[in-house]
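Trainee: This is a predicted model, with the sequence first.
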Number of protein chains: 2
Amino acid sequence: MTIAKKIETIIANASWIRRMFEEGAELKKMYGSENVYDFSLGNPNLPPPDKFKEVLLELVRSEPPDAHAYMPNTGYPGVCGAVAAFLAREQGAPVEGADVIMTCGAAGALNIALKALLDPGDEVLTPAPCFVEYGFYADNHGGVLKTVASRPDFQLDLAALAAAITPKTKVVLINSPNNPTGAVYGAASLKALGELLEAKSREIGRTIYLISDEPYRKVVYDGVSVPSIFTAYRESLIATSYSKDISIPGERIGFIAVNPGATHRKPLLGGMALANRILGFVNAPALMQRAVARLQGEKTDISAYLRKRDLLCDGLGAMGYDFVKPAGTFYLFPRSPIPDDVEFVQTLKAERVLVVPGSGFKGPGHFRIAFCVDDAVIKNAMPGFERAIRKYRK
Amino acid sequence: MTIAKKIETIIANASWIRRMFEEGAELKKMYGSENVYDFSLGNPNLPPPDKFKEVLLELVRSEPPDAHAYMPNTGYPGVCGAVAAFLAREQGAPVEGADVIMTCGAAGALNIALKALLDPGDEVLTPAPCFVEYGFYADNHGGVLKTVASRPDFQLDLAALAAAITPKTKVVLINSPNNPTGAVYGAASLKALGELLEAKSREIGRTIYLISDEPYRKVVYDGVSVPSIFTAYRESLIATSYSKDISIPGERIGFIAVNPGATHRKPLLGGMALANRILGFVNAPALMQRAVARLQGEKTDISAYLRKRDLLCDGLGAMGYDFVKPAGTFYLFPRSPIPDDVEFVQTLKAERVLVVPGSGFKGPGHFRIAFCVDDAVIKNAMPGFERAIRKYRK
C-alpha cells in the first residue's frame, strides 16, 4: 500500500462512477461530442454577468502594489463588510463584517466549519438525497455523516430528523435549493426545524448547529424565494459561493457567515479563521474577493435556466417520467422507471444520454439531470429519453 | 465546549503569539505605524513583475464565456503542461503535464499530498527549525510531525535524520530555501539524503516519500541555485507556489508535481487529485492558473531583497548579533543574545521592533526577522536592535 488506505478505498469504490465518465468521454470521441447529450455535470453553462468582466478589468487596471498580498485569513475587512451588508438585508439579521469569513467556495466554507466544530465521532445529519461530497467533508475532520430520508416530495421530514438526532449530533446540514432534487424548503418548515433543534439541543445538553449550504439561493423560479435561516434558528451558519449565481465556479470564491445571535459566535469565528489557515486555504483568492464585493446581488440570466427547466420538464412529463418540478437549481431528479437506477442510467447511456444515478446522491431509484446545458442538448436528447422509458413501459 | 477541542486547544496555545500581534497593532496605534518596525510577517513587499498585470488584463479582455467554469480537479491541462515544461528544464527530468496538479498555493499542495499519503499515526519527519504550519498539516490528515534538529549552520544533519526514521515514517518534508533560516541545501547534501531514504525505505519495507516545499526557490542570492530534487531522489514530490517569487500570496496559486520516475506515480497523482476535490479546494483558482502559465520563470526584483538582506546583515553584524547569512528567502534567523528568545523578542518590542521568537519555528534561542519590508524600516530599526543587544551585552 503506497497511498493512504482510506484514499485508496475511496478511489476503488468510486471507480464505477469514474468508469461512467470515462465511457462518456469515449462516447464523445466515437460519436462526436455534439451527438452525446451530457447532463452529468453541474457546471453552469451561462456566462458570468457582463459586470463581472468590467469589475475585473477595473480592479486590475487600478490596483495598488499590494493588491495580491496576504490579507487577514478571514478576508479583506472591506469585502467582509460588503458581503455582510447584503446578507443583513437578505437575512433580516444584523450581520456585520466580523461575522463573515471569505472562503475558497462553499466547499471550503463547509470544510472550515466542520473542522472548527467536530470532535472525533461527532455526527453530521443531513437530509437525503444529498450532495455526495458531504460524507467526505465530515470524514475529513473526524466526523460521521448520517443521512435521513426526505419526504417523497423532497421536503424535510422533521419527524425522521428528530428520531435521528443523538447526543453525538453536532451539526445538521441542509442544502436548499437542493442538489440533486431542486427542492426549496419553505419558511414554516425551517421555523419548525429551528424549534426542533432548539428543543433537541436542550435535551442532549449541547448546541446543535444548523449549517445551511446555499450556493443555489439565487437560482430559483416561479417567484419562489429562499427563506432566512438566521431568523429560523439562532445557532446557524450560512455556507455559500458565487459559483452558481455568477457562474464562476472555477474561481473558488464564497463565504461562511455566523448568525450574529449565535451563543458562541466568537469562538466559532475564531475557530473557523484558524481552520481556514491550517487546512491550507490560508485565505480566499484576493482578486476574486475584491470582485465579488462589487457584485453583491448580481446574477447570471436565470431566465435561461428557467427555459431549460421547462423544456426538459415538459418533454419528460409528456413521456411519462415521474418527477417533482424543481423550484430552484439546475437539476431535475426524476424517478427511475425501474428500481435499479444504475441500470437505467446505463440504458440512457446507450442512447448517448449521460446522467448520474441517484445512488450517487443517496437517492436510489432516481437519477440526476443537470440541465445547465445548451437548449439544443435538451431538445436533441428527447428521443433518447423516450426510447429509454419505452424499453420498460410499453 | 462548543467548538472542536483540538481547535480550542490550538487557539489557547497560540494565544501568546496572537497577543504579540495584537500588542503590535496597539503599538502602531499609539506611535503611528511608521514608528513601529514590523518584521513579523513573510508578506512579500515587492510588487509583482509588470508582466503579471499585462497578462491578467489580456486574459480578462480576451476571455471565452467559460473562462471561469470548472475544469478538471488537477487544473487546466494546458496550464499543467506549461508548468511541466518549465519544471522539466529546471529539474532535469522528463516531467509531463500529467505529473502536475495545480493547487491553492503551496499550503494546499502540502495538504493534498499528506491527505493522499498518510495513514493514521504515520510520521512526517522535518528538519528544525521549520515552518510552524507543518505540524497542523500532518495532524489534519491523521499524521504526526516529528522534527530533527539541523546542524548549527542550519544545514541537514543526515545522521540525526537517519536515527529518527522509524517504520512509521512515511514522509520526509524539507523546505529549501528555508523558512525561517534562509538556508539552501546543496546538491551533495540532497544526493546523500536521497541515498539515505532509498536505503531506509528498503530497510523498513515501504516507500519513504521526500516532499520538497520550495516556494522560495527563485529567491536566492550570491549566485546560489537550488538543486534538483527529482534527480536527487526518485520517490519525490515538489510542492510550491508563485506567492513569493511573483509576489502574489493572496491569490493562492501553486502546484504539486510528482517525480516522473516515482514507482507509484499514478496512484499518487490519483490520490492527490481526489484529495484536492474532497478537502474542498476542488481546483486552483481558474484565472490565476491561466496567468501563471504565461509567467513561467518570471520573478519580482530579487535584487531589492538582496539589498535589504545586506543592509540588515551589515547592521546587525556590526552590533555583535550572531547569525548565518541567508542564501535565500527574505528571512534572517539570528541567535538571541540571551537563551530565552521570547524574552528577547519582548525586549525588541519595547524598542518598537516586531520579530517572531524562534520557539515558534521549533528553533528556540533564535528569532526570525522577515526583511520583506521597506529599506527605511530596516534603517530606522537599527538603533532599537542596538539598544536591545546592549541591554544584555555591555
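Mentor: Great, that's in hand. Numbering: from 1, shown residues only, chains lettered A, B, ... in the order given.
Trainee: tell me the mean pLDDT over whichever strand or helix holds A:Val172?
Mentor: Using DSSP states H and E, A:Val172 sits within strand A:169-174. Averaging pLDDT along strand A:169-174 gives 98.
Trainee: Could you do stretch A:193-206 as well?
Mentor: The average of the pLDDT scores along stretch A:193-206 is 97.
Trainee: What sits closest to A:Ser40 if chain neighbours are left out?
Mentor: Leaving out its chain neighbours, the residue that sits closest to A:Ser40 by CB to CB, 6 or more residues apart in numbering or on different chains is A:Leu354, at 4.6 Å. In short, each C-beta sits where N, CA and C put it, glycine included.
Trainee: A:Arg234 too?
Mentor: In space, and not counting its chain neighbours, A:Arg234 is closest to A:Gly261: 4.8 Å by CB to CB, 6+ apart.
Trainee: ok, the one you found to A:Leu87 distance?
Mentor: The gap separating A:Gly261 from A:Leu87 is 14 Å, by CB to CB, to the nearest Å.
Trainee: more crowded one of the two?
Mentor: Using other CB atoms under 10 Å in any protein chain shown, the more surrounded residue of A:Gly261 and A:Leu87 is A:Leu87, with 23 against 16.
Trainee: Now do the SS call for that one.
Mentor: Following DSSP: H, G, I helix; E, B strand; the rest coil, the label given to A:Leu87 is helix.
Trainee: Isn't it up against A:Val100?
Mentor: Yes: taking CB atoms under 8 Å as the definition, A:Leu87 is a contact partner of A:Val100 at 7.1 Å.
Trainee: anything in contact with each of these two?
Mentor: Residues touching both A:Leu87 and A:Val100 (CB atoms under 8 Å, 6 or more residues apart in numbering or on different chains): A:Ala257.
Trainee: Can I get stretch A:294-302 in CSV? Just the C-alpha atoms.
Mentor: C-alpha atoms of stretch A:294-302 as CSV (Å, rounded to 0.1, in the frame of the first residue of the first chain):
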residue,chain,number,x,y,z
ARG,A,294,-18.7,44.8,-6.0
LEU,A,295,-21.1,42.3,-7.4
GLN,A,296,-23.4,41.8,-4.4
GLY,A,297,-26.9,40.8,-5.7
GLU,A,298,-25.7,40.4,-9.3
LYS,A,299,-26.6,37.1,-11.0
THR,A,300,-26.4,35.5,-14.4
ASP,A,301,-29.5,35.3,-16.6
ILE,A,302,-31.6,32.9,-14.6
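Trainee: Do it and chain B come into contact?
Mentor: No: Stretch A:294-302 lies out of reach of chain B by CB under 8 Å from any CB of the partner chain, never closer than 10.7 Å.
Trainee: can you give me the end-to-end distance of stretch A:343-358?
Mentor: Using CA to CA, to the nearest Å, the end-to-end distance of stretch A:343-358 comes out at 11 Å.
Trainee: now swap in stretch A:354-366 and tell me
Mentor: Span of stretch A:354-366 from end to end, CA to CA: 14 Å.
Trainee: what's in contact with it?
Mentor: Around stretch A:354-366, the neighbours that count as contacts under CB under 8 Å, 6+ apart are A:17, A:20, A:24, A:27, A:36-40, A:128-132, A:147, A:179-181, A:333-336, A:339, A:341-342, A:344-345, A:348, A:367-370.
Trainee: neighbouring strands for the strand holding A:Val172, and are they parallel or not?
Mentor: In the sheet, strand A:169-174 lines up against strand A:123-128 (parallel), strand A:209-213 (parallel) (DSSP bridges).
Trainee: Off-centre distance for that strand?
Mentor: Relative to the mean C-alpha coordinate of its chain, strand A:169-174 is positioned 15 Å out (CA atoms, centre = their mean, to the nearest Å).
Trainee: about what we covered before: tell me which of the strands paired with strand A:169-174 sits most buried.
Mentor: Among the strands paired with strand A:169-174, strand A:209-213 has the highest mean neighbour count (mean count of other CB atoms under 10 Å in any protein chain shown), at a mean of 27.
Trainee: Tell me how far that one lies from the chain's centre.
Mentor: Worked out by CA atoms, centre = their mean, strand A:209-213 lies 12 Å from the chain centre.
Trainee: does chain B sit close to whichever helix or strand comes after that strand?
Mentor: Per DSSP H and E, the first helix or strand lying C-terminal to strand A:209-213 is strand A:236-241. No: counting by CB under 8 Å from any CB, chain B is not contacted by strand A:236-241; separation bottoms out at 9.9 Å.
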